[in-house]
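**Q** mind looking at a prediction? Sequence and model below.
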Amino acid sequence: MIREFKEDAIGVSALIARTLGETNIRDYTEEFIENDVKILTPEYLIQNSYCTHSYDVCDEDKIIVCGSIGPYWGKEDESSLLRIFVLPEYQGQGIGRKIIETLENDDYYMRAKKN
């Protein structure tokens, strides 16, 4: 089930931290990952949700995928896809593609001349 991000910032933050630590560690230094985890707190995600559109996917009550889209540096004609993460055990099953499709149908994406 894909839903708009509303209140489970703790779950989304945990999903991001786990995915960074298990999957993204192959491509980035441990220091880089630790810095991202320190930034992407529940409080940050809540604050950021005021200027982005964020979604997550659940498997029953467990958040397994998240992704956001927002204006690129406040521009109305450009958008960026942000923070797309899939729990390691769900990777490779096409669920990430579903969140990308959701983001590509979002108002921020549709209004942008550049994505």
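**A** Perfect, I can see it now.
**Q** in stretch 52-60, what counts as buried?
**A** 52-57 (16 or more other C-beta atoms under 10 Å). No exception for glycine: its C-beta is placed from N, CA and C like everyone else's.
**Q** and stretch 43-52, by the same measure?
**A** Neighbour-count burial for stretch 43-52 [16+ other C-beta under 10 Å]: 45-46, 48-49, 52.
**Q** got the contact list for the helix or strand hosting Ser68?
**A** Assigned by DSSP states H and E, Ser68 belongs to strand 62-71. Outside strand 62-71, the residues within contact range by C-beta atoms under 8 Å, 6 or more residues apart in numbering are 5, 8, 11-12, 15-16, 48-49, 51-58, 78-87, 90, 95-96, 98-100, 102-103, 106, 108-109.
**Q** cutoff 7 Å now
**A** Strand 62-71 is contacted from outside by 8, 11-12, 15-16, 51-58, 78-87, 90, 95-96, 99, 103, 106, 108-109, using C-beta atoms under 7 Å, 6 or more residues apart in numbering.
**Q** before we move on, back to that, report the two of the buried residues of stretch 52-60 separated the most.
**A** Thr52 and Val57 (16.6 Å; C-beta to C-beta).
**Q** quick check: bridge partners of the spatially most central residue of the chain?
**A** Nearest residue to the geometric centre of the chain (C-alpha atoms, centre = their mean): Gly67, 2.7 Å. Note on Gly67: beta-bridge partners by DSSP bridges are Tyr55.
**Q** and it, how close does it get to Ser80?
**A** Gly67 is 11 Å from Ser80, where distance means C-beta to C-beta, to the nearest Å.
**Q** and Asp107, how many neighbours?
**A** Using other C-beta atoms under 10 Å, Asp107 has 10 neighbouring residues.
**Q** many thanks, we can stop here.
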